[in-house]
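A.B. asks: build me a model from this:
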Amino acid sequence: MQAPGMDIRSAQYLVAVVDHGGVTAAANALHISQPSLSQAVRNLERTLGSTLFERTARGLIPTAAGAAVADAARTLLRDVAKAETAVAAVIALQSGELTIAVQSDLALDSVADLAGQLHRTAPGITFSTTAAPSAHEVLALVRSGRCELGFLERDLADGPSDGLLEIETSAQEMVLSIPPALAADLPDPVPRTSIGALPMIVETRTSRRSYPIGGDWGLVNVVAEVPDRLAVREMVGHGVGAALLPRSIAEQDSPAASVRSLDPPVIRRTRIVFRDGPLSPAAAALVSNLPTAQSPSTNNFPNGDNLSGSNSMP
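C.D. replies: Model prediction:
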């Protein structure tokens, strides 16, 4: 509790005298004259109506009242420091840019949700995202400092990420998005062994046999290779073929496309990564909004596979 009649400057002066054991050393530390500090201490004693120090040959020793007032002064200064830190954080969040590297074949639900939460409290922050085709490139962008945060698929079983910190954000289920005409005779869920023979649409960077979600899918009937996710969805919607997409994205295209689960399920674990060190106020605020989920140490997922495939780290 603040002592009556004690302001911030008086608290600073009092604590300095106690800590340095005398007026001369305290005045030097405070960069003020010794007479000014002595007068300030006498004024405080007069205001409080109590002697705060015993003057001895060894210097100034706090009385019982002086020690109690010094404790109150320290509490006041700590509270002031906390308030200044809080104000600085608010000011810092009024403007600025947050750069995020995003693995391009993942759904952006988690990133969009976190960005929305931050925007509601800090509307002056702008977001800049960089699409990266693989987890490896996301990690490289964060390590180099070109992006402050990275959003990627990565499992802790892939090994250490060279000084980057990781927090799991979500688990995305991959499904088959398929034109209704092609889906008519397919069960739900679809055995993964049946995927290879279907007419498939893939992004240009995807191998005809492997797929970003891992495993040898044996895609022997790739009917279209397109440059990005939007083109994949357009092709499926126009009946050209099927594609493997995150459920949250595939379900947006219904009824133009049907959605089939996979058997066994395919789950992609997504994470936010960042360098080990102080974050900008915007990045720190976004990370603080992350759900407090435990990050598993293995790549086991109940009733399904957690596959990293060509995007996993060596």
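
A.B. asks: which residues in the stretch 101-250 of the chain form helices?
C.D. replies: With DSSP state H, counting those that start in this stretch, the ranges of helices along the stretch 101-250 of the chain come out as 109-121, 135-144, 180-183, 229-237, 247-250.

A.B. asks: format these as a markdown table; extra columns: distance to Ala67, mean neighbour count and mean pLDDT.
C.D. replies: All C-beta atoms are positioned from the backbone trio N, CA, C, and that covers glycine. Output for those, formatted as a markdown table (distance: least, CB to CB, whole Å; neighbours: other CB atoms under 10 Å; pLDDT from 0 to 100):
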| stretch | distance to Ala67 | mean neighbour count | mean pLDDT |
| --- | --- | --- | --- |
| helix 109-121 | 42 | 16 | 81 |
| helix 135-144 | 50 | 20 | 91 |
| helix 180-183 | 80 | 15 | 92 |
| helix 229-237 | 67 | 19 | 91 |
| helix 247-250 | 62 | 19 | 89 |
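
A.B. asks: of all those, which lies closest to Ala27?
C.D. replies: Among the helices of the stretch 101-250 of the chain, the nearest to Ala27 by CB to CB is helix 109-121 (43.7 Å).

A.B. asks: excluding chain neighbours, what is closest to Val259?
C.D. replies: Ala250 (4.9 Å; CB to CB, 6 or more residues apart in numbering).

A.B. asks: let me fix that, I meant to ask about Arg233.
C.D. replies: Nearest residue to Arg233 in three dimensions, chain neighbours excluded: Asp253, at 5.6 Å (CB to CB, 6+ apart).

A.B. asks: surely that neighbour meets Gly237?
C.D. replies: Yes. Assessed by CB atoms under 8 Å, Asp253 is found in contact with Gly237 at 5.8 Å.

A.B. asks: TSV please, covering the helices of the stretch 101-250 of the chain and showing distance to Ser288.
C.D. replies: Formatted as TSV, those follow (distance: least, CB to CB, whole Å):
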stretch	distance to Ser288
helix 109-121	9
helix 135-144	18
helix 180-183	42
helix 229-237	29
helix 247-250	24
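
A.B. asks: the nearest residue to Asn289 once chain neighbours are set aside and Ser280: what is the separation?
C.D. replies: Excluding the flanking residues, the one nearest Asn289 by CB to CB, 6+ apart is Gln117, at 4.9 Å. Counting by CB to CB, to the nearest Å, the separation of Gln117 from Ser280 is 16 Å.

A.B. asks: Gly66 now?
C.D. replies: Per CB to CB, Gly66 is found 43 Å from Ser280.

A.B. asks: show me which of those two is the more surrounded one.
C.D. replies: Gly66 (23 against 17; other CB atoms under 10 Å).

A.B. asks: now do the same contact list for that one.
C.D. replies: Under the criterion of CB atoms under 8 Å, 6 or more residues apart in numbering, the neighbours of Gly66 are 14, 18, 50-53.

A.B. asks: what about burial for these, which qualify?
C.D. replies: Those of those that meet the buried threshold are 14, 18, 52-53, by 16 or more other CB atoms under 10 Å.

A.B. asks: scan the chain for its longest strand.
C.D. replies: Criterion DSSP state E: the longest strand present in the chain is strand 164-178.

A.B. asks: centre of the protein to the edge, which residue is at the far end?
C.D. replies: Ala57 (57.1 Å; CA atoms, centre = their mean).

A.B. asks: how much space between it and Gly22?
C.D. replies: The gap separating Ala57 from Gly22 is 11 Å, by CB to CB.

A.B. asks: again with His31
C.D. replies: His31 sits 16 Å away from Gly22, going by CB to CB.

A.B. asks: who's more crowded, those two?
C.D. replies: Taking neighbours as other CB under 10 Å, His31 and Gly22 compare with Gly22 leading, 18 against 6.

A.B. asks: what average pLDDT does the helix ranked longest in the chain get?
C.D. replies: With secondary structure taken from DSSP state H, the chain has its longest helix at helix 64-92. For helix 64-92, mean pLDDT is 84.

A.B. asks: one more: stretch 28-40?
C.D. replies: The model assigns stretch 28-40 a mean pLDDT of 93.

A.B. asks: render the CA-only coordinates of it in PDB, please.
C.D. replies: The C-alpha coordinates for stretch 28-40 follow below in PDB (Å, rounded to 0.1, in the frame of the first residue of the first chain):
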ATOM      1  CA  ASN A  28      25.400   9.900  -7.200                       C
ATOM      2  CA  ALA A  29      23.200   6.900  -8.300                       C
ATOM      3  CA  LEU A  30      20.200   9.200  -8.900                       C
ATOM      4  CA  HIS A  31      22.400  11.900 -10.600                       C
ATOM      5  CA  ILE A  32      21.100  14.700  -8.400                       C
ATOM      6  CA  SER A  33      22.900  16.900  -5.800                       C
ATOM      7  CA  GLN A  34      23.300  15.700  -2.300                       C
ATOM      8  CA  PRO A  35      21.600  18.800  -0.700                       C
ATOM      9  CA  SER A  36      18.600  18.200  -3.000                       C
ATOM     10  CA  LEU A  37      18.300  14.600  -1.900                       C
ATOM     11  CA  SER A  38      18.800  15.500   1.800                       C
ATOM     12  CA  GLN A  39      16.000  18.100   1.600                       C
ATOM     13  CA  ALA A  40      13.700  15.600  -0.200                       C
END
